[in-house]
Every structure is written in structure tokens, then in C-alpha cells.
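Participant: no sequence on hand, only this structure:
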């Protein structure tokens, strides 16, 4: 079985509340990270049709802040699938009242599908359709090889 990235796409929307802020009155990075992890899990569950677990987060870049009462939109999409692991890219934005969006974060989250025995299980192949999706797939494959290399070198 194969699936396309568009079949896994999901959005999550939050309004930043006072309890979400850090001491500098900006969105606490840990809260955003939790939202990213949930978004990535939903994408990976849609792709694998299994429970999943987070195994790594690559390239977590805080680009800009979000403040109290901002609308934060997280857009998740499958970018790479291996045998049991999946890479989900989550892009986060502040959405203004006029609908325009400014990026605040991008992360690549690696998830593993879990079978009924809670052990890794095979996932469907990912079939990128557009040139952009194909480039993202190749980049995800390269990030996977770099993770394997770092692990082998204990780096």
C-alpha cells in the first residue's frame, strides 16, 4: 500500500493564552514543542494507521516569537517514510486576523509505527507527487542517513 503526503496533511490551531507564555511574555517553546509533537503524531497515525511514538526531532528552528492572543497554526505533512519510521515536517505560523501567516517554527519529527505488540511495524510507502514533495522526500532520506551516521559515531 502507498499513500501520498496530501493524505496525511493536518492542521492544528491554538490561540496563545497567558498560561502559554514564558517569562519574556512570548509563547513558551516547550508548549509549542508539545503542539508540534501532537501534530506530528496525528500525521504519522494517518499514514501508518497505527499507534506511533516519537524517536527524534531534527532541525527544530525557532524563527520568530508568538505572543498572547496570537493565533498559531501548525501544518503537518509526511515528508519521508522508511520501513518502520516516518519523518513529519511541521511548520508553525502566526496567523493574523486578515488570514496572512508568518512562519515562527519548522521541525522535522521522526516517528515510528507500533504494532499491537508495541514493537515497530512496517508502514505504507510514501508516494510524493509534486516536485516539492519529491525534493522533501530526498531531503528526508538524507536526514535519516545523517542520523544513522551520527548514531554510529556516537555524535
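Facilitator: That came in fine, so what should we check first? No experiment lies behind these values; they were computed from the predicted model shown.
Participant: which helix in this protein runs the most residues?
Facilitator: Of all the segments assigned as helix in the chain under DSSP state H, the longest by residue count is helix 131-152.
Participant: packing partners of that one?
Facilitator: With contacts taken as 3 or more Cβ pairs under 8 Å, 6 or more residues apart in numbering; DSSP states H and E, helix 131-152 sits against strand 51-62, strand 71-81, strand 85-95, strand 101-114. Placement of C-beta: from N, CA and C, glycine included.
Participant: which residues touch the first one?
Facilitator: To tie it back to what came earlier, the one meant is strand 51-62. Under the contact criterion Cβ atoms under 8 Å, 6 or more residues apart in numbering, strand 51-62 has outside partners 29, 32-33, 36-37, 40-41, 44-45, 85-87, 104-114, 118, 143, 147.
Participant: pull out the buried residues from the residues you listed.
Facilitator: Members of the contacts of strand 51-62 that pass the buried threshold by neighbour count (16 or more other Cβ atoms under 10 Å) are listed as 32-33, 36-37, 40-41, 44-45, 85-87, 104-114, 143, 147.
Participant: grab the nearest non-local neighbour of residue 115.
Facilitator: residue 121 (3.6 Å; Cβ to Cβ, 6 or more residues apart in numbering).
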